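J.: structural data only, the sequence is not supplied:
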């Protein structure tokens, strides 16, 4: 890292080690360009959110099993799809009513909510979102009353 000895400002880019222009240095820039800033942000994100050692299909199967176990512990009868092309992941028997459950992965938003990919609402009755900390969030929450 190159620094200006008098001002302690960075003179070389944190991403590519190229020179930072005087105009950017006056703004206390760490990167020489917007492209280097995006590359640096991507690198920081990857370091903070390391990839899991398995595929997305395996992650999906793990999440389906986590949701199945949670629903079984709540006293529901749970049935799992045998094919990846089924319209929903799980079927849950609630009294004499059968509910379709779709399982997906989600992340926490800065505001505290949960963000997840869109799913066609006509293909499920309950959406189970599993976050990286393996917490399960059900939408709508009221759909899973005690059996």
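T.: Structure received. Being a predicted model, the structure only gives us computed values, none of them experimental.

J.: who does the lengthiest strand in the chain touch, helix- and strand-wise?
T.: When the chain is parsed with DSSP state E, its longest strand is strand 97-105. When contacts are defined as 3 or more Cβ pairs under 8 Å, 6 or more residues apart in numbering; DSSP states H and E, strand 97-105 packs onto helix 56-73, strand 90-94, strand 126-130. Placement of C-beta: from N, CA and C, glycine included.

J.: okay, buried residues for the longest one please.
T.: This means helix 56-73. Of the residues in helix 56-73, 60-64, 66-68, 70-71 count as buried by neighbour count, 16 or more other Cβ atoms under 10 Å.

J.: give the next helix or strand downstream of that helix.
T.: Counting by DSSP states H and E, the next helix or strand C-terminal to helix 56-73 is strand 77-80.

J.: which neighbouring elements make contact with that next one?
T.: Applying 3+ Cβ pairs under 8 Å, 6+ apart, one finds that strand 77-80 makes contact with helix 56-73, strand 90-94.

J.: and the contacts of that strand?
T.: 64, 68, 71-72, 89-93, 147 (Cβ atoms under 8 Å, 6 or more residues apart in numbering).

J.: so for it, mean pLDDT?
T.: Strand 77-80 shows a mean pLDDT of 96 in the predicted model.

J.: for that strand, which residues meet the burial criterion?
T.: residue 78.

J.: and stretch 110-126, how far from the chain's centre?
T.: Relative to the centre of its chain, stretch 110-126 is centred 12 Å away, using Cα atoms, centre = their mean, to the nearest Å.
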